[in-house]
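Visitor: Here is my input, please return the structure:
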Amino acid sequence: MNILVTGANGQLGSEIKLISKKYTEFNFIFTDIHELDLTSSSKIEAFFSENSIDLIINCAAYTSVDLAETEKELAELINVEAIRFLANIATTKKIKVIHISTDYVFDGTHYRPYKEDEMTSPNSVYGRTKLQGEQALKNSGADYIIIRTSWLYSAFGNNFVKTILRLSSERNDLNVVADQIGTPTYAADLAEVLLKIASNYNKTGVFKKDIYHYSNQGVCSWYDFATEIVELSNNNCKINAIETHRYPTPAKRPFFSVLCKDKIKKTFDIEIPHWKSSLKKCILLLKTN
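Guide: Numbers count the residues shown, from 1 in each chain. Down below sits the predicted model:
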């Protein structure tokens, strides 16, 4: 089976690349913008006429949440139009699509974990464009699996974990918001789940088309997350809990975006690690590299 992984140089794409050698039943093609510009319908058509693809794992996205407030057109081009182009070619050529989305499609006013069928109401340009990308894929007629995730981090790329590690090694104290609640997701764990889903499809021929939620287990605030990062790193830095209004950002974040994972666990028979154990693995990896 030929699998195309887009956004291959990002956090999730890099993690898939790292574990891909274990999946000898697949032939992987990894692309980023230089190999395949998803914002160009003609380049997409040319690529798919030259390559036979059975499954697309789309990790490509515009993810600069605050910049998106001023770069609306670029966010829409990458998160909506590119998905529409990809979905159209997938429909024409009968290619399955696994697409990564976000907890930011919700407004964060809930008090219990969000299920897949609950009302979406994004607060930001980033969240709105990611939701529109979901809708473009759903309306295209392609066979899709959409996986919404949250607070993604990895040993690759730029993310909250690496930022806190760096700042806590340079400063005596840091202020981190304590009134935004969610769950971190180790991209390595999500990568394993994506390839397990691909393997399941390869073996059974059944593609379980739907929307699913995935993050690690457990719940925390950004303050809790930062505190755990600093403790595991042994950096001598005090983390101060602050409210969101003391750390204003251009984009409004959801205050509560915990995702319910019952559906993905049951459908694909997966065990999800707790965020603390996965964070430990990631920091150990960063220390040894």
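Visitor: Which residues does stretch 163-172 contact?
Guide: 174, 176, 225-226, 229-230, 233, 235-239, 283, 286 (CB atoms under 8 Å, 6 or more residues apart in numbering). (Each C-beta comes from the backbone N, C-alpha and C, glycine too.)
Visitor: Kindly present these as CSV, with separate columns for pLDDT and distance to residue 43.
Guide: Output for these, formatted as CSV (pLDDT from 0 to 100; distance: CB to CB, whole Å):
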residue, pLDDT, distance to residue 43
174, 97, 43
176, 98, 41
225, 98, 39
226, 98, 41
229, 98, 40
230, 97, 44
233, 95, 42
235, 93, 45
236, 93, 50
237, 97, 46
238, 97, 50
239, 98, 45
283, 97, 39
286, 94, 35
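Visitor: just those residues now: which is nearest residue 156?
Guide: Distance to residue 156, by CB to CB, is smallest for residue 286 among those, at 10.2 Å.
Visitor: Might you report the residue contacts of residue 104?
Guide: Per CB under 8 Å, 6+ apart, neighbours of residue 104: 65, 122-124, 126-127, 130, 253-254, 257.
Visitor: Show me the two of the contacts of stretch 163-172 that sit farthest apart.
Guide: Pairwise distances among the contacts of stretch 163-172 were taken by CB to CB; the largest, 21.4 Å, belongs to 238 and 286.
Visitor: of these two, who's got more company?
Guide: Neighbours were counted for residue 238 and for residue 286 using other CB atoms under 10 Å; residue 286 has more, 15 against 12.
Visitor: For residue 94, give its distance to residue 53.
Guide: Distance from residue 94 to residue 53, counting by CB to CB, to the nearest Å: 10 Å.
Visitor: Give me the more crowded residue out of those two.
Guide: Counted by other CB under 10 Å, residue 94 and residue 53 do not tie: residue 53 has more neighbours, with 18 against 9.
Visitor: thought residue 181 was touching residue 219?
Guide: Yes. Taking CB atoms under 8 Å as the definition, residue 181 is a contact partner of residue 219 at 6.3 Å.
Visitor: Need the overlap of contacts for the two.
Guide: residue 258.
Visitor: List the contacts of residue 114.
Guide: Counting by CB under 8 Å, 6+ apart, residue 114 touches 103, 106, 213, 257-260.
Visitor: can you put the contacts of residue 104 in JSON lines and add distance to residue 152 and secondary structure?
Guide: JSON lines is the format used below for the contacts of residue 104 (distance: CB to CB, whole Å; DSSP: H, G, I helix; E, B strand; the rest coil):
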{"residue": "65", "distance to residue 152": "12", "secondary structure": "coil"}
{"residue": "122", "distance to residue 152": "17", "secondary structure": "coil"}
{"residue": "123", "distance to residue 152": "18", "secondary structure": "coil"}
{"residue": "124", "distance to residue 152": "16", "secondary structure": "coil"}
{"residue": "126", "distance to residue 152": "13", "secondary structure": "helix"}
{"residue": "127", "distance to residue 152": "15", "secondary structure": "helix"}
{"residue": "130", "distance to residue 152": "13", "secondary structure": "helix"}
{"residue": "253", "distance to residue 152": "14", "secondary structure": "coil"}
{"residue": "254", "distance to residue 152": "15", "secondary structure": "coil"}
{"residue": "257", "distance to residue 152": "12", "secondary structure": "coil"}
